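1. Structure for this input, please:
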Amino acid sequence: MAPASSRTIPIHLVSDSTGDTVHAVARACLVQFEGVEPDMHIWSLVRSGAHMTKVLAGIAAKPGPVLFTMVDDKLRAQLQDECRLLKVPLIPILDPVIGALGSYLGMSGGKQPGKQHTLDNDYFRRIDAMTYTQNHDDGQAYWNLEEADVVLVGVSRTSKSPTCMYLANRGYKAANVPMVPGVPLPDQLLASKKPLIVGLTNDPNRLVQIRRNRLKQLSQDESTTYTDIDRVRAEVTAARRLFEEKGWPIIDMTRRSIEETAAAVIQLLQEREHPGEVHPHTHIHQGPKAR
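-> Next up is the predicted model:
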């Protein structure tokens with residue numbers, strides 16, 4: 001049952017690094033509380049007592065729950081003491097995970113802030129993947145598709161580009177190829193052996209809505225064949241038929257977020273890399289193998 005009215009509360013996110021982790025956790029948790037509108041205050045790269053003093057002044061001005069990631073013991077104590085005086089909840093989001101892992105491994109966690117953002121091989125792999133993905137967005141380049149980890153194929157407005165960028169941020173080289181009525185897919189794609197090729201589809205009515213909104217943003221006429229429901233249905237049907245003929249996995253975007261789609265693609269990549277292992281996923285249609 002939905003609440004009668006919304007409630008706005010201040011939420012303070014304090015981190016000695018970029019704040020990405022604490023922000024992601026806060027968002028994932030807060031969506032579970034209907035009618036609560038968070039007033040987010042993000043305090044990142046807090047690595048000195050002087051900076052923490054400014055943070056504490058901000059918390060005192062608008063008291064509310066504090067979620068934090070902080071490895072420096074003195075800064076943690078400073079934050080804990082002030083939150084205790086203000087009588088606001090203080091939630092160390094990484095402590096339970098690090099503690100459980102430490103107990104299992106028989107080790108204590110390090111004290112280096114932002115260690116997940118160090119310039120290691122994984123970091124440079126992500127940068128390389130993002131560069132590749134930008135250069136291969138929306139069919140801009142076909143000559144080295146074999147270097148891709150995954151190629152997403154679909155009709156216009158099936159979220160190919162944002163899904164590719166999300167995958168690139170996870171370190172996967174992702175290209176995408178649009179399906180345009182009357183234009184055959186490039187030979188380089190059809191001849192590709194290495195990359196996983198995934199077909200994206202969407203409900204035609206939903207696609208028409210998305211396309212009309214896109215044209216409106218561009219101040220263009222919305223009454224075109226691009227948004228004609230019969231033409232769009234034909235596009236979607238033809239795309240799905242091709243995906244099935246080629247044996248490409250099909251992911252329906254109708255009720256999926258970009259993050260969920262990317263997660264499904266990663267599962268498919270893992271299954272390909274480690275055949276025989278169980279990687280449960282839902283609503284991914286595996287077309288018949290191409291003959």
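2. switch to C-alpha atoms for all contacts and neighbour counts from now on
-> Will do.
3. which stretches of the stretch 151-291 of the chain form helices?
-> Under the criterion DSSP state H, counting those that start in this stretch, the stretch 151-291 of the chain contains helices at 160-169, 187-190, 204-217, 229-246, 258-273.
4. Dump those to TSV, plus distance to Ser15.
-> What follows is the helices of the stretch 151-291 of the chain, written out as TSV (distance: least, CA to CA, whole Å):
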stretch	distance to Ser15
helix 160-169	21
helix 187-190	44
helix 204-217	37
helix 229-246	45
helix 258-273	24
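5. in the stretch 51-200 of the chain, what spans have low per-residue confidence?
-> For the stretch 51-200 of the chain, the stretches flagged by pLDDT under 70 are 109-120.
6. which residue lies farthest from the center of this structure?
-> Using CA atoms, centre = their mean, the residue of the chain lying farthest from its centre is Leu85. It sits 37.7 Å away.
7. From Val46, how far off is Thr133?
-> Going from Thr133 to Val46 by CA to CA, to the nearest Å gives 33 Å.
8. Tell me where the stretch 1-150 of the chain has helices.
-> 20-30, 49-61, 73-86, 95-105, 121-135.
9. Can you tell me which of the ones you listed is most buried?
-> Counting by mean count of other CA atoms under 10 Å, helix 121-135 has the highest mean neighbour count of the helices of the stretch 1-150 of the chain, with a mean of 18.
10. And the pLDDT for Gly49?
-> pLDDT recorded at Gly49 is 95.
11. typo on my end, it should be Ser5
-> pLDDT for Ser5: 64.
12. picking that back up, just send the helices of the stretch 151-291 of the chain back as a markdown table, with distance to Asp20 and mean neighbour count too.
-> Output for the helices of the stretch 151-291 of the chain, formatted as a markdown table (distance: least, CA to CA, whole Å; neighbours: other CA atoms under 10 Å):
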| stretch | distance to Asp20 | mean neighbour count |
| --- | --- | --- |
| helix 160-169 | 13 | 23 |
| helix 187-190 | 36 | 13 |
| helix 204-217 | 29 | 16 |
| helix 229-246 | 37 | 17 |
| helix 258-273 | 15 | 17 |
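13. among those, which is nearest His12?
-> Among those, the nearest to His12 by CA to CA is helix 258-273 (24.8 Å).
14. From the contact counts, what lies against that closest one?
-> Identification of packing neighbours for helix 258-273 by 3 or more CA pairs under 8 Å, 6 or more residues apart in numbering; DSSP states H and E yields helix 160-169.
15. Need the CA coordinates for the helix it packs on. CSV is fine.
-> What follows is helix 160-169, C-alpha atoms only, in CSV (Å, rounded to 0.1, in the frame of the first residue of the first chain):
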residue,chain,number,x,y,z
LYS,A,160,22.4,-0.6,-27.3
SER,A,161,24.7,2.3,-26.7
PRO,A,162,24.1,2.8,-22.9
THR,A,163,24.3,-0.9,-22.3
CYS,A,164,27.6,-1.0,-24.2
MET,A,165,29.0,1.9,-22.1
TYR,A,166,28.0,0.1,-18.9
LEU,A,167,29.7,-3.0,-20.0
ALA,A,168,32.8,-1.0,-21.0
ASN,A,169,33.0,0.4,-17.5
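16. Please produce CSV containing the helices of the stretch 1-150 of the chain, extended by distance to Pro178.
-> As requested, these are exported to CSV (distance: least, CA to CA, whole Å):
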stretch, distance to Pro178
helix 20-30, 31
helix 49-61, 47
helix 73-86, 50
helix 95-105, 42
helix 121-135, 14
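17. what's the offset of stretch 53-64 from the middle of its chain?
-> Averaging C-alpha positions (CA atoms, centre = their mean, to the nearest Å) puts stretch 53-64 31 Å from its chain's average.
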